[in-house]
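Q: need a 3D model of the sequence below.
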Amino acid sequence: MPERESEVDPPAVEAAPAIDPPPERLSATAQLLPGVLLDRAELCAMVGMSDAELAALESFGVISARQGSGTGLYGDDAVEIARPACEFLRLGVDARHLRQWRTSAEREASLYEQLVTPRYRQRNPEARAEALAQLRRLDTLGGVLRTAMMRQVLRHHFE
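A: All right, here's what the predicted structure looks like:
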């Protein structure tokens with residue numbers, strides 16, 4: 001029986017230098033299920049942050065309690081935001097500077113909403129589904145573009 005040729009991987013293409021990956025603890029080690037709400041102490045314990053760090057992030061609108069909760073309850077979005085925000089604080093970035101990310105996200109979301117709102121307002125379920133698909137695509141493209149631009153701006157540090 002003749003030997004089969006082993007599959008050969010194509011030659012590796014040199015990838016653009018990337019920024020160091022986030023620390024292990026920033027990857028979703030413990031995730032909050034959608035719809036589950038945490039109080040202040042639970043959020044701090046889950047993320048490993050102090051109440052003072054949470055207060056600083058809240059004072060600049062980086063993290064906020066769920067609207068309408070009235071008692072300071074936090075959802076899965078707050079957990080996802082708190083992890084990297086807390087890490088930024090510990091790396092010496094003040095909470096007031098983290099507000100820039102919130103402002104940038106709000107501006108980007110506003111642009112996307114302007115693009116999809118006319119289609120989303122239609123009563124046709126297919127048009128609404130298309131609008132939501134376009135919104136997801138815009139969000140994905142925005143993330144890819146931000147990553148590429150950040151890599152480009154910081155490239156000289158990593159060469």
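Q: buried residues in the longest helix seen in the chain, which are they?
A: Longest among the helix segments of the chain by residue count, using DSSP state H, is helix 125-158. The neighbour-count check on helix 125-158 (16 or more other C-beta atoms under 10 Å) flags 131, 135, 138 as buried. The way it works is simple: take the backbone N, C-alpha and C, and place the C-beta from them, glycine included.
Q: now swap in stretch 97-113 and tell me
A: Along stretch 97-113, these residues count as buried under the neighbour rule (16+ other C-beta under 10 Å): 98, 102, 108, 112.
Q: pLDDT, distance to residue 152 and secondary structure for those residues - can I get that in JSON lines?
A: Output for these, formatted as JSON lines (pLDDT from 0 to 100; distance: C-beta to C-beta, whole Å; DSSP: H, G, I helix; E, B strand; the rest coil):
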{"residue": "98", "pLDDT": "96", "distance to residue 152": "22", "secondary structure": "helix"}
{"residue": "102", "pLDDT": "95", "distance to residue 152": "23", "secondary structure": "helix"}
{"residue": "108", "pLDDT": "96", "distance to residue 152": "18", "secondary structure": "helix"}
{"residue": "112", "pLDDT": "97", "distance to residue 152": "23", "secondary structure": "helix"}
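Q: any chance of the buried residues of helix 125-158 in TSV with distance to residue 51 and pLDDT as columns?
A: Converted to TSV, the buried residues of helix 125-158 look like this (distance: C-beta to C-beta, whole Å; pLDDT from 0 to 100):
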residue	distance to residue 51	pLDDT
131	40	94
135	35	96
138	36	97
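Q: which residues in the protein form helices?
A: Counting by DSSP H, the chain has helices at residues 40-47, 51-59, 76-90, 95-120, 125-158.
Q: who are the packing partners of the third one?
A: Think helix 76-90. Using 3 or more C-beta pairs under 8 Å, 6 or more residues apart in numbering; DSSP states H and E, the elements in contact with helix 76-90 are helix 40-47, helix 51-59, helix 95-120.
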